[in-house]
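S.K.: after the sequence you'll find the predicted model.
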Amino acid sequence: MTADGSVRGAGAMGSAHAPARTTRGRAGRSPSPRAVAPREDDATRIYRQIFESVMRQRLTPGTKLPEVALCELFGVGRTLIRKVLQELAHDHIVELRPNRGAVVAAPSPEETRQIFEARRALEAALLPMAAANATRADIAALRRQLREEHAALHASDQPAWARLASSFHLQVAALARNRILQQYLAELISRCSLIVALYEPPGNAACEHDEHARIVALLEKKDAAGAVRLMDAHLRDLERRICLERPASSSGLKQMLGI
């Protein structure tokens, strides 16, 4: 998953050549009589289905993702399912446990604290550089982004809003003209977005639109210190809204995946 909420792994996997045949299940049997040679875009489709089910809070933290069950539901072989699960694990969406299979990621309170702490420190380092470099055209581009955020918010399009809100932070970071720090921030934003998707109560906005607008105004004035203070408060408020207790779902895996 990228910082703007798009599916990072899906693009990579979708471009890979799919295996010519499915993998046999236990006892030499195919995991599903419906399993067929996967098409080139099957990996992208399956990644996106699982990813969006997590982001929409249908798949709850700790939910088991058995390979055999996923093969049955998606009609593909275990080789492809394993590749998708590995990519999801790389993007911190699932955890792969030795000899126990895959589960939806469940970040601990300490891990959550450390991720947000690192993000606050990194954005605080990037903002003064962004303020120094921002041109009138850059500020205009940020305000266009804010208008898109506003439209998505009022259309009650939560997935689009979340993508735009995350993208705003990365767009600001890009103004620092430091690609290494920007890449680190992209990773942290991705992990924060997952935590918010998993644990923030439904109906809450992941980022406050008005605070984004105020940050842009401060960047336009070259008020780096003010932008850093506001961003720090903004991210602390986001962290406070997270509730790390989520009840286990009573739905079956098929329903949770929206199939």
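M.R.: Arrived safely. Numbers count the residues shown, from 1 in each chain.

S.K.: give me the below-cutoff pLDDT ranges for the stretch 51-200 of the chain.
M.R.: The model of the stretch 51-200 of the chain has pLDDT under 70 over residues 154, 156-161.

S.K.: make it 50
M.R.: The stretch 51-200 of the chain contains no residues with pLDDT under 50.

S.K.: please enumerate the strands of it.
M.R.: Ranges of strands within the stretch 51-200 of the chain are 64-65, 94-97, 101-104, based on DSSP state E, counting those that start in this stretch.

S.K.: buried sites along the second one?
M.R.: Going back to what we said before, that points to strand 94-97. 94-95 (16 or more other CB atoms under 10 Å). Placement of C-beta: from N, CA and C, glycine included.

S.K.: neighbouring strands - and their directions - for that strand?
M.R.: strand 101-104 (antiparallel) (DSSP bridges).

S.K.: for the partner strand, buried residues please.
M.R.: Here strand 101-104 shows 101-104 as buried, counting by 16+ other CB under 10 Å.

S.K.: got those residues as CSV, with distance to residue 146 columns?
M.R.: Output for the buried residues of strand 101-104, formatted as CSV (distance: CB to CB, whole Å):
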residue, distance to residue 146
101, 43
102, 38
103, 37
104, 32
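
S.K.: what's the burial count for residue 57?
M.R.: 17 (other CB atoms under 10 Å).

S.K.: now do residue 191
M.R.: 22.

S.K.: number the residues from 5 up from this point.
M.R.: Will do, 5 is the new start, and the previous item becomes residue 195.

S.K.: from residue 97, how far out is it?
M.R.: 10 Å (CB to CB, to the nearest Å).

S.K.: circling back to that earlier point, out of the strands of the stretch 55-204 of the chain, which is closest to residue 128?
M.R.: Nearest to residue 128, of all the strands of the stretch 55-204 of the chain, is strand 98-101, at 30.0 Å by CB to CB.

S.K.: now do the closest one: everything it contacts.
M.R.: With contacts defined as CB atoms under 8 Å, 6 or more residues apart in numbering, strand 98-101 is touched by 54, 69, 89-90, 92-93, 106-110.

S.K.: helices along the stretch 5-154 of the chain, start to end?
M.R.: Under the criterion DSSP state H, counting those that start in this stretch, helices of the stretch 5-154 of the chain are mapped to 12-18, 46-59, 71-78, 82-94, 113-137, 140-158.

S.K.: how about the fourth one: buried residues?
M.R.: By neighbour count on 16+ other CB under 10 Å, the buried set for helix 82-94 is 82, 84-85, 87-89, 91-93.

S.K.: export the contacts of strand 98-101 as a markdown table, with columns for distance to residue 216.
M.R.: Below are the contacts of strand 98-101 laid out as a markdown table (distance: CB to CB, whole Å):
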| residue | distance to residue 216 |
| --- | --- |
| 54 | 29 |
| 69 | 35 |
| 89 | 35 |
| 90 | 35 |
| 92 | 29 |
| 93 | 31 |
| 106 | 35 |
| 107 | 34 |
| 108 | 29 |
| 109 | 27 |
| 110 | 29 |
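
S.K.: cheers, nothing more for now.
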